[in-house]
Structures are given as structure tokens and as C-alpha cells.
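Visitor: Kindly return the folded structure for what I paste below:
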Amino acid sequence: MNLIYITGSSSGLGKALAELLLEDKNNFVVGIARRETIQHERYTHYTLDLKEVINLNIFQKLPCTCKKVVLINNAGAVGPITRVGSQSYEEVADNYSINVTAPSFLCNQFVNAYQNEKVQKIIINVSSGAGKHPIEAWSTYCASKAALDMFTQVLQAEYADFKVFAVAPGIVDTPMQDNIRNADEQHFPHLDRFQNYKADGELVSTREVALKYLKIIQEPQNFKEVLLSVRDF
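Guide: Predicted coordinates:
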């Protein structure tokens with residue numbers, strides 16, 4: 001059996017990944033999100049708000065039949081779509097908590113729980129091209145994804161027996177895109193471009209992207225780089 005933990009499993013890419021993985025009877029999925037939207041005999045849910053302090057350890061003792069254990073830090077938020085100078089402390093802190101602090105701490109717990117286990121161990125942090133290119137009004141999102149990329153590289157350097165990746169999903173049809181399309185044009189000069197992605201059918205479905213993440217889970221040895229984009233394979 002394989003045990004896979006996924007944050008942000010209630011919607012978007014996280015839900016698509018969970019549902020795709022549950023199609024294989026060998027997979028058991030643990031979802032972490034504010035809402036539970038999946039009902040399945042091989043699905044377990046933890047209700048957590050990743051803006052808040054994580055004060056429990058969700059990582060279970062592995063059954064003796066387990067061959068692979070995976071953590072997918074998928075949950076993320078674009079945050080306040082406003083220019084620097086217009087953001088509250090709470091908005092900035094919440095965005096960094098969701099995008100950097102929570103996945104970093106969950107990686108810490110995951111490594112602590114499983115570093116001595118003789119199974120295949122994989123961590124996938126959902127990254128973004130925004131972590132490599134500055135985008136006006138996305139300061140906290142760009143900065144947090146850049147930080148997550150570097151954290152992931154350091155983690156891989158520290159633990160060679162884990163396969164660790166930061167994977168950018170591209171432009172996906174998720175609730176985050178809904179938020180972006182409703183941004184204030186005065187703050188966000190790229191509003192038209194993101195509205196056109198939807199209007200022109202350029203957004204990729206969550207299932208299509210989930211299938212690419214599945215390739216990494218199934219054959220991590222085929223991916224040599226830590227930083228990846230689904231557009232490359």
C-alpha cells in the first residue's frame with residue numbers, strides 16, 4: 001500500500017489529486033483542509049486551517065504493508081492582490097503562513113516521523129512560476145513561492161534518502177484563478193491577461209495537471225531536478 005498526505009484537498013488541484021489517487025486501490029489518502037469534501041473508504045480527513053498554529057502531528061505510524069509514503073504540500077493562497085503599501089499585517093502574515101510556514105513545518109514533521117522508515121519517501125511542494133518572476137500586486141505570493149523553492153532545495157540536500165520536489169503546475173482552472181480575475185485593476189495591471197486565460201480556454205483542468213503530478217509519485221527516480229514545472233513533461 002501507499003500512504004499519501006495532501007494539503008488543500010477540499011478543492012482545486014488538491015481535490016483532483018486526491019480523487020485521482022483514490023482510483024488505485026493500493027493508495028490510502030489523508031487530506032488536510034478546512035473543509036471535508038471527499039467521502040471514500042480509503043480517505044481520512046484532518047480539518048485544519050493552515051493560517052493557524054499546527055499543534056498536532058497528523059503523520060501516522062506506517063502499516064507494515066506500506067511501500068511508499070508521500071507528502072504533497074498543495075495548499076496555497078495568492079494573498080492580497082494589492083501593491084506594497086496597501087497590505088495589512090494580518091494579510092501579509094496569513095499569506096506567508098499558508099505558503100511557507102505551514103508547508104515547511106509539515107515537511108519537518110514528515111521527515112521526523114519517517115526518516116528511519118525503510119520505504120520510498122517523497123515530498124512534493126506545489127510551487128509556482130511566480131516564485132521566479134516578479135508580478136505586480138503579488139509581492140507576498142511571489143516571495144513565498146521563491147522561499148518554498150529554496151526550502152525544498154535545502155531539504156533535498158539534507159536528506160538524500162527522500163525524493164523532494166518543488167513543482168510548478170502552470171495556469172490551472174482553480175478557485176485561485178477566480179480570485180485573480182476579480183482583482184482590482186488599479187492594483188493589478190495584468191487583470192485583462194488573466195481574464196483572457198479563462199475566456200480563451202487556456203486554463204488547464206485540475207485533472208490534467210494531477211495526472212502529471214501522478215507521474216512523479218509513481219516514478220520519482222525519473223526526475224533528477226528538484227525544481228520542476230509540469231509544462232516540461
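
Visitor: Could I get the contacting residues of the residue lying farthest from the centre of the chain?
Guide: For the chain, the largest distance from the centre (C-alpha atoms, centre = their mean) belongs to Q186, which lies 29.1 Å off. Residues near Q186 by C-beta atoms under 8 Å, 6 or more residues apart in numbering: none. Where C-beta positions appear, they are placed from N, C-alpha and C, glycine not excepted.

Visitor: That one and E136: what is the separation?
Guide: Note on Q186: its distance to E136, by C-beta to C-beta, to the nearest Å, is 11 Å.

Visitor: Phi, psi for K224 please.
Guide: Per-residue torsions, K224: phi -90, psi -30 (degrees, to the nearest 10).

Visitor: Look up how far I124 lies from it.
Guide: Taken as C-beta to C-beta, the span from K224 to I124 is 15 Å.

Visitor: Which one of those two is surrounded by more residues?
Guide: When K224 and I124 are compared for neighbours, I124 comes out ahead with 24 against 6, by other C-beta atoms under 10 Å.

Visitor: The strand or helix carrying the more buried one: what's the following helix or strand?
Guide: Per DSSP states H and E, I124 falls inside strand 120-126. On the C-terminal side of strand 120-126, the closest following helix or strand by DSSP H and E is helix 139-158.

Visitor: thinking again about what came up before, list the neighbouring strands of the strand holding I124 plus their orientation.
Guide: According to DSSP bridges, strand 120-126 forms sheet pairs with strand 68-73 (parallel), strand 162-168 (parallel).
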